[in-house]
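A.B. asks: everything below, folded, please.
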Amino acid sequence: MSTYTALTTLDGEAAARALGEALERMDPEPYGVGVFEIEDGSGRWEVGGYFHGAPDGIVLEILATAFDARPFAVSELPDVDWVAKVQRELHPVDAGRFFVYGSHDADRVPEGRVALEIEASMAFGTGHHATTLGCLLAFDRLFSAGLRPVNVADIGAGTAVLAMAAAKVLPEARLLASDIDPVAVDVARVNLAVNGLEGRVLCVEAAGFDHVSIRKAAPFDLVFANILKGPLIELAPEMARHVVAGGLVILSGLLVVQAEAVVDAYVVAGFRLQSRDDLGEWSALVLERV
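C.D. replies: Here you go, the predicted model:
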């Protein structure tokens with residue numbers, strides 16, 4: 001059966017989330033619904049549904065009118081093995097001492113490097129995106145400067161590439177990886193096993209720090225959070241409560257034009273900027289808990 005997408009845009013988060021909930025009640029229901037802020041400062045949001053078979057155009061027209069959204073653009077997706085396609089097109093990534101690769105490039109791992117095998121999957125974070133790369137480079141630089149944290153969290157971990165990088169070079173550290181997506185948590189556990197790190201990182205499903213295991217493990221002296229501008233800003237007060245004085249956070253998932261707003265939010269919460277690295281249009285921040 002063919003797969004279809006139905007996408008629209010509209011103003012405001014509340015209306016966008018309400019439209020997303022309305023899409024979920026369609027019959028037949030979509031197998032997935034996404035609601036995302038368009039990161040251009042316009043205040044507009046994108047809402048999309050993913051369907052097995054063509055969605056009901058009349059219902060979509062009614063929903064767009066009811067929520068003052070643009071007409072839905074409906075597209076049929078080609079029947080492509082996306083994982084195989086990504087595997088063919090992704091190349092190994094050098095990030096300081098770290099070398100991120102897929103199993104199809106296992107013969108290209110250089111000697112003396114910290115190798116991280118990450119498969120293309122449904123979870124975000126292959127290490128090839130500039131945000132993940134920026135976090136790895138920042139951590140590599142801090143490690144070279146003598147940083148040896150003993151309690152580390154990877155919030156919004158995706159494939160857990162950042163948690164695995166820490167586990168590889170910090171054999172005595174306690175490590176935790178969390179993600180709001182249960183698929184990501186499962187993928188993280190698989191990747192840990194593939195990299196010989198099974199049992200080294202506790203993986204939990206959680207939004208931010210909202211999990212009993214995270215609260216018990218806190219406070220942390222290093223936290224990775226490679227997510228998005230909005231959630232990063234919302235997490236700033238919680239981050240301050242869960243990081244020790246003198247502890248560090250490595251943040252990314254934000255555009256260069258968004259970095260200042262994130263820094264401002266963390267300064268208000270009790271952090272100071274230690275470094276900022278811009279890779280193309282993306283930024284990675286290192287902040288210290290004062």
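A.B. asks: can you show me the helices along the stretch 151-290 of the chain?
C.D. replies: Along the stretch 151-290 of the chain, the segments classed as helices by DSSP state H, counting those that start in this stretch run 161-169, 182-194, 212-217, 229-242, 259-269.
A.B. asks: show me what the shortest one is packed against.
C.D. replies: Pointing back at helix 212-217 there. In terms of contacts (3 or more C-beta pairs under 8 Å, 6 or more residues apart in numbering; DSSP states H and E), helix 212-217 is packed against strand 151-155, strand 174-179, strand 201-205. All C-beta spots, glycine's among them, are computed from the backbone N, C-alpha and C.
A.B. asks: test my guess that residue 286 contacts residue 275.
C.D. replies: Yes. Between residue 286 and residue 275 there is a contact at 4.5 Å, judged by C-beta atoms under 8 Å.
A.B. asks: overlap of the contact sets of the two?
C.D. replies: Listed contacts common to residue 286 and residue 275 are residue 138; contacts here mean C-beta atoms under 8 Å, 6 or more residues apart in numbering.
A.B. asks: rewinding a little: out of the helices and strands packed on helix 212-217, which one sits most buried?
C.D. replies: Counting by mean count of other C-beta atoms under 10 Å, strand 151-155 has the highest mean neighbour count of the helices and strands packed on helix 212-217, with a mean of 27.
A.B. asks: how far out from the middle of the chain is that one?
C.D. replies: Relative to the centre of its chain, strand 151-155 is centred 14 Å away, using C-alpha atoms, centre = their mean, to the nearest Å.
A.B. asks: excluding residues flanking it in the chain, which one is nearest residue 233?
C.D. replies: Spatial nearest neighbour of residue 233, chain neighbours left out: residue 265 (4.4 Å); criterion: C-beta to C-beta, 6 or more residues apart in numbering.
A.B. asks: count the residues that sit near the one you found.
C.D. replies: Counted with other C-beta atoms under 10 Å, the neighbours of residue 265 add up to 18.
A.B. asks: please name the residues that touch it.
C.D. replies: With C-beta under 8 Å, 6+ apart, residue 265 has these contacts: 232-233, 236.
A.B. asks: just to revisit the earlier point, more neighbours, residue 286 and residue 275?
C.D. replies: More crowded of residue 286 and residue 275, by other C-beta under 10 Å: residue 286, with 23 against 14.
A.B. asks: can you name the residues bridging to the more buried one?
C.D. replies: Beta-bridge partners recorded for residue 286 (DSSP bridges): residue 250, residue 275.
A.B. asks: so who does it touch?
C.D. replies: Here residue 286 is in contact with 138, 142, 248-251, 273-276 (C-beta under 8 Å, 6+ apart).
A.B. asks: one step back: let's have the helices of the stretch 151-290 of the chain in TSV, adding distance to residue 19.
C.D. replies: Output for those, formatted as TSV (distance: least, C-beta to C-beta, whole Å):
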stretch	distance to residue 19
helix 161-169	33
helix 182-194	24
helix 212-217	32
helix 229-242	18
helix 259-269	26
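A.B. asks: quick one: which of those is nearest residue 11?
C.D. replies: Among the helices of the stretch 151-290 of the chain, helix 229-242 comes nearest to residue 11, with 15.7 Å by C-beta to C-beta.
A.B. asks: show me how far the closest one is from its chain's centre.
C.D. replies: 15 Å.
A.B. asks: now tell me what touches that helix from outside.
C.D. replies: 37, 39, 153, 155-156, 208-209, 214-215, 218-220, 223, 225, 227, 249, 251, 253-255, 258, 261-262, 265-266, 268-271, 289.
A.B. asks: same question, stretch 53-63
C.D. replies: In contact with stretch 53-63 (C-beta under 8 Å, 6+ apart) are residues 1-2, 4, 6, 19, 22-23, 26, 28, 30, 49, 69, 71-72, 74, 76.
A.B. asks: filter these to the buried ones?
C.D. replies: Buried members of the contacts of stretch 53-63, counted by 16 or more other C-beta atoms under 10 Å: 4, 6, 19, 22-23, 26, 30, 49, 69, 72, 74.
A.B. asks: just the ones of the residues you listed in helices?
C.D. replies: Per DSSP state H, helices hold the following members of the buried ones among the contacts of stretch 53-63: 19, 22-23.
A.B. asks: adding neighbour count, write the contacts of residue 265 out as a markdown table.
C.D. replies: Shown next, in a markdown table, are those (neighbours: other C-beta atoms under 10 Å):
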| residue | neighbour count |
| --- | --- |
| 232 | 25 |
| 233 | 18 |
| 236 | 21 |
